[in-house]
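Engineer: Everything below, folded, please.
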Amino acid sequence: MITNRKKALIAGLLVIPLIIIFRKFDPESTVFFPKCVFKLLTGLDCPGCGLQRMVYYMLNLEFGNAIRANALLFFAIPYILPGLVIGLFKYNNNIILNNIYNKLYGIKALLVTVVIVIFWFIYRNFSVFP
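Structural biologist: Got it, this is the predicted structure:
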């Protein structure tokens, strides 16, 4: 069985190199970052388009550019991170954390998230605002 300490070590070993790469290399001008297949095929921005640039700008403390790259994901970070941490470490013996996790990431939250993502897709592709 993998303990929480081992999970944290594995997560760190995976995340730290990614942070270093994203801190150093601009996804817009570096060829080894993948391009969005949806955008290549349709010319439209998918809801995740700009994520790599957003991470790059955040790690370089350029928050205005990070918001311009993908505002939805930028403002969703405080919602996403606790779910990743709680989900990764599965606090099975903590009823309070499990209740919070179920409320924040249950089926109702999933449906709300899907609606928000659909509106974001429509707004960023068909809005009269640049």
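Engineer: what's around the closest residue to Phe32 other than its chain neighbours, how many residues?
Structural biologist: The shortest distance from Phe32 to any residue other than its chain neighbours is 7.8 Å, reached at Phe25 (C-beta to C-beta, 6 or more residues apart in numbering). The way it works is simple: take the backbone N, C-alpha and C, and place the C-beta from them, glycine included. As a burial measure, Phe25 scores 15 neighbours (other C-beta atoms under 10 Å).
Engineer: Then the one 5 residues further on?
Structural biologist: Look at Thr30: counted by other C-beta under 10 Å, it has 12 neighbours.
Engineer: Distance of it relative to Tyr56?
Structural biologist: According to C-beta to C-beta, to the nearest Å, Thr30 stands 9 Å off from Tyr56.
Engineer: so the residue nearest to Phe32 sits right up against Leu18, yeah?
Structural biologist: No: between Phe25 and Leu18 there is no contact under C-beta atoms under 8 Å: 11.0 Å.
Engineer: Can you classify Val117 by secondary structure?
Structural biologist: helix (DSSP: H, G, I helix; E, B strand; the rest coil).
Engineer: So what's the residue count around it?
Structural biologist: By other C-beta under 10 Å, neighbour count at Val117 equals 15.
Engineer: Can you tell me, leaving aside adjacent residues, what's nearest to it?
Structural biologist: Val117 sits nearest to Pro47 (C-beta to C-beta, 6+ apart), 4.8 Å away.
Engineer: Same question for Asn65.
Structural biologist: Tyr57 (4.1 Å).
Engineer: quick one, phi/psi of Thr30?
Structural biologist: Phi and psi for Thr30, reported as degrees, to the nearest 10, are phi -110, psi 130.
Engineer: Quickly find the element holding Ile67.
Structural biologist: Assigned by DSSP states H and E, Ile67 falls within helix 63-69.
Engineer: Which residues outside the helix or strand that that helix is followed by are in contact with it?
Structural biologist: Sequence-wise, the next helix or strand downstream of helix 63-69 (DSSP H and E) is helix 71-89. Helix 71-89 has contacts (C-beta atoms under 8 Å, 6 or more residues apart in numbering) with 4, 7-8, 11, 47-48, 50-51, 54, 58, 63, 66-67, 97, 100-101, 104-105, 116-117, 120.
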